[in-house]
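In: everything below, folded, please.
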Amino acid sequence: MKELELEKQCWGRILTDDAYSKSKVEESAMTREKHGYWKHKKIPSDKYVKGYYYARECQCSICGKESPIENQKCTYCGSIMDLSEPKE
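Out: Sure thing, here's the model as predicted:
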């Protein structure tokens, strides 16, 4: 309990419970992880039945960098890739 009271002290003043919870929300918003998805580029081609094929590289929806492999995280910006690409 004493640790919680010490944590509530901020810049020499004691925060109320509402201000304390608000500061925690602001803190989590600053450290919030980004979530995204891999974009797949369609390349038009008459060789395929649908008229296109997908490029081997995929692109991060957050930073736009290309990656040769779909990882669980973007190697450039660290976004977690757990969302699905929106339908066209």
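
In: so Ile43 makes contact with Gly51?
Out: No - the criterion here is C-beta atoms under 8 Å, and Ile43 misses it with Gly51 at 10.2 Å. C-beta coordinates here come from the backbone N, C-alpha and C atoms, glycine included.

In: walk me through the domains of the chain.
Out: By the assignment in automatic domain parsing, the chain contains the domains 1-32, 34-88.

In: quickly, which of those domains bottoms out on average pLDDT?
Out: Within the domains of the chain, the stretch with the lowest mean pLDDT is domain 1-32, showing a mean of 50.

In: so His40 makes contact with Glu85?
Out: Yes - look at His40 against Glu85 with C-beta under 8 Å: they come within range, at 7.0 Å.

In: quick check, Tyr76 in a helix?
Out: No - counting by DSSP: H, G, I helix; E, B strand; the rest coil, Tyr76 is not found in a helix; it is coil.

In: in contact with it, which residues are there?
Out: Cys60, Cys63, Lys65, Ser67 (C-beta atoms under 8 Å, 6 or more residues apart in numbering).

In: quick check: closest non-adjacent residue to the first one.
Out: If the residues on either side of it in the chain are set aside, Cys60 comes closest to Cys74, at 4.4 Å by C-beta to C-beta, 6 or more residues apart in numbering.

In: what about the one you found, neighbour count?
Out: Counted with other C-beta atoms under 10 Å, the neighbours of Cys74 add up to 22.

In: next up, the contacts around it.
Out: By C-beta under 8 Å, 6+ apart, Cys74 lies in contact with Gly36, Cys60, Ile62, Cys63, Lys65, Ser67, Met81.
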